[in-house]
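Asker: Take this sequence and fold it.
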Amino acid sequence: MKKIGSSVLLFIAVLLFAAASPVHSASSVAIEVRTVLASNQSNHVDPNLAELAGELKSVFRYSSYILLKHDRMRITVGKTQHTALPGGRQMTIRPIRTSGNRLEMELSILKGKRSVFQTRIELRNNSSITVGGPRYKKGYLLFNLSTSF
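Answerer: Numbers count the residues shown, from 1 in each chain. Below is the predicted model of the structure:
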């Protein structure tokens, strides 16, 4: 009986440990990048940005937001994906790891071979973040990144 009781306790401890540990580890993630031109040249908000308009206006304080590009990609965790940006720039995205409900990724913007911006971002699954970017034409580029895995 004593042996059965300790086996049951061990089994319960293993179950509790498994429940407390994040078991989800995605091998690839879906990432969307919306490249937006933000300026004060007009009061136009691109209809394709309707669901983001309130957030963009409250954070960035521009009067015009125009969607320039919308990329959808699936990236294997640990690999790097590149996408062309306006103005001869390139964005690289590298998902580093998923842990529970979060994705950690590196984001870089290159102009030619020179890095002009680099950061690490942690996003919850099915969420997004908008990052301010470089000057472009008579405004600035903004990048809205969203993820799901």
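Asker: Check the gap between residue 114 and residue 84 for me.
Answerer: From residue 114 across to residue 84, the span is 16 Å (C-beta to C-beta, to the nearest Å). In this view, the C-beta of every residue, glycine as well, is placed from N, C-alpha and C.
Asker: Now do the helices in the chain.
Answerer: Under the criterion DSSP state H, the chain carries helices at the ranges 2-20, 53-60.
Asker: worst average pLDDT in these?
Answerer: Of all the helices of the chain, the minimum mean pLDDT falls on helix 2-20 (a mean of 40).
Asker: which of residue 114 and residue 84 has more neighbours?
Answerer: Comparing residue 114 with residue 84 by other C-beta atoms under 10 Å, the one with more neighbours is residue 84, at 12 against 7.
Asker: Check what pLDDT residue 28 gets.
Answerer: 94.
Asker: Skip the chain neighbours and tell me the closest residue to it.
Answerer: Leaving aside its sequence neighbours, residue 28 sits nearest to residue 76 (C-beta to C-beta, 6 or more residues apart in numbering; 4.7 Å).
Asker: Can you name the residues that contact that neighbour?
Answerer: 27, 28, 95 (C-beta atoms under 8 Å, 6 or more residues apart in numbering).
Asker: Repeat the analysis, applying 10 Å as the threshold.
Answerer: Taking C-beta atoms under 10 Å, 6 or more residues apart in numbering, we find residue 76 in contact with 26, 27, 28, 29, 94, 95.
Asker: repeat for residue 110
Answerer: By C-beta under 10 Å, 6+ apart, the neighbours of residue 110 are 82, 85, 88, 89, 90, 91, 92, 116, 117, 118.
Asker: of those residues, buried ones?
Answerer: Buried members of the contacts of residue 110, scored by 16 or more other C-beta atoms under 10 Å, are 85, 89, 91, 117.
Asker: From the residues you listed, which land in strands?
Answerer: Per DSSP state E, strands hold the following members of those: 85, 89, 91, 117.
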